[in-house]
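[1] Need coordinates for the below:
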Amino acid sequence: MENKFKGRIVFSDNYKSTIKSIKSISNSSQGKVDIKKAIFEEHFTSNGAEIGILYPYNENSKIQPINLLENKEISILSAYDESILEINSLEGKLRCIAHSCVIQDLKEYNPSGFITLKFFTKSEMISLKTNEYSDIIKSDDITKEMLDHYISERSMFLTESAPINSYIFIDGPLFSGAATNGNFHLIDSMSEKKTFPIFFVKNSESSLITENFAFAKKYNNDLHWANETLGELEMSPVFYYKSNGERRGKAMCFIKIYSNRSPIRIEFPLTEFESGCYNENIFNLIAFQYLANGSVSNVQPRIIQIAEIYAREMLKSTNIYQEIENLGLTNTMNEVRKNT
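    Numbering: from 1, shown residues only. Below you'll find the predicted structure:
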């Protein structure tokens, strides 16, 4: 039998027609659903969890960006981000994290940082070589152990470094699998300082809205629905989600900052949101932070961008990249390929 691949690059039969079909997707919209009229459901129960609408779409859906610091509605704002370096070796996994917290007032940004270096291994032979002053951790479940340490580090750092009477912007989702417990413990400790977290999700395949609400059923996922529904500087209704059998929940909405960029999902702890811990102009502040960043290619709040920059620079300042060469670890094949 002739080998049709021998010495040639072969395209699949439908390669060109698939490209043509994909190009037509943006022109095949059935028109935006008027969610001002479509939203009428109050709540649903799905697999024991509850999802519903706290505040419907209304005439205030168009956001007017406001810097609340200048309006003195709040005096300071803070944000958290981190920069992570992970190296896989035959002996185990090395991880260095630069945790960054930035506090913003009317005049300047005030950063603080916490840098950790830990080595995770399943090898008892390696762990026996360590001492009480070294962070070499033996575990049969390295992935879980790394997550637990990250959550503990972040909670301790923010409990110490976050300001009182502030909002703190955090990059990432509130409900995040195994990290969810850690997020709610962080919320509890922050609330004692009257500092209230807001979580920002820019990449997600979540389908809470599309699976539960008739007006969103035909879309690929929640962000696809929001993208097709919202105009520039417009926000969706505020939804709520309560996890199965627990008091934990979140309030969330979608905001579209730029007409040609994907929307963002904004999340708040539900108890604090319903208790009025967030100013009624909070969405205007969020929109202002996005516009203040001034980047269409990197759509995120300005203060999170600043925290990210500090985290990256702190990681570089450790000279960890140079130290790695002298550690004597045997890189896995994939690590070798990444560096060639």
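[2] so where's the stretch 101-250 of the chain shaky on pLDDT?
    Low-confidence segments of the stretch 101-250 of the chain (pLDDT under 70): 126-133, 245-246.
[3] Count the neighbours of Gly172 for me.
    16 (other Cβ atoms under 10 Å). In this view, the C-beta of every residue, glycine as well, is placed from N, C-alpha and C.
[4] Break down the stretch 1-150 of the chain into its helices, ranges please.
    15-25, 35-38, 124-127, 142-161 (DSSP state H, counting those that start in this stretch).
[5] Minimum distance to Glu313: which of these has it?
    helix 142-161 (16.9 Å; Cβ to Cβ).
[6] Quick check: what element follows that closest one along the chain?
    strand 166-171 (DSSP states H and E).
[7] Just after that following strand, pick out the following helix or strand.
    That would be, after strand 166-171 and using DSSP H and E, helix 180-192.
[8] any idea where the strands of the chain begin and end?
    43-46, 49-55, 77-88, 93-104, 109-121, 136-138, 166-171, 195-201, 234-235, 238-242, 249-256, 264-269 (DSSP state E).
[9] Just list what the third one packs against, helices and strands only.
    Helices and strands touching strand 77-88, as assessed by 3 or more Cβ pairs under 8 Å, 6 or more residues apart in numbering; DSSP states H and E, comprise strand 93-104, helix 142-161, strand 166-171, helix 302-317, helix 320-324, helix 333-338.
[10] Could you say which one of these comes nearest to Pro237?
    Of these, nearest to Pro237 by Cβ to Cβ is strand 166-171, at 21.5 Å.
[11] Tell me the strands beside the closest one, with direction?
    Strand 166-171 pairs in its sheet with strand 77-88 (parallel), strand 195-201 (parallel), by DSSP bridges.
[12] now these in TSV, with mean neighbour count and distance to Ser21?
    Listed next are those as TSV, based on neighbours: other Cβ atoms under 10 Å; distance: least, Cβ to Cβ, whole Å:
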stretch	mean neighbour count	distance to Ser21
strand 77-88	21	39
strand 195-201	21	29
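[13] now these in CSV, with distance to Phe239?
    Listed next are the strands paired with strand 166-171 as CSV, based on distance: least, Cβ to Cβ, whole Å:
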stretch, distance to Phe239
strand 77-88, 24
strand 195-201, 13
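[14] right, so of the ones you listed, which gets closest to Leu94?
    Comparing the strands paired with strand 166-171 by Cβ to Cβ, strand 77-88 comes nearest, at 4.3 Å.
[15] Just the CA trace of that closest one, in PDB.
    Taking C-alpha atoms only, strand 77-88 is exported to PDB below (Å, rounded to 0.1, in the frame of the first residue of the first chain):
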ATOM      1  CA  LEU A  77      -6.900  50.400  47.000                       C
ATOM      2  CA  SER A  78      -4.800  47.200  47.000                       C
ATOM      3  CA  ALA A  79      -4.100  44.200  44.700                       C
ATOM      4  CA  TYR A  80      -2.400  40.900  44.800                       C
ATOM      5  CA  ASP A  81      -0.500  38.900  42.200                       C
ATOM      6  CA  GLU A  82       2.300  36.400  42.100                       C
ATOM      7  CA  SER A  83       5.100  35.300  39.700                       C
ATOM      8  CA  ILE A  84       6.000  31.600  39.800                       C
ATOM      9  CA  LEU A  85       9.000  29.600  38.600                       C
ATOM     10  CA  GLU A  86       8.700  25.800  38.500                       C
ATOM     11  CA  ILE A  87      11.500  23.400  37.400                       C
ATOM     12  CA  ASN A  88      10.800  19.700  36.900                       C
END
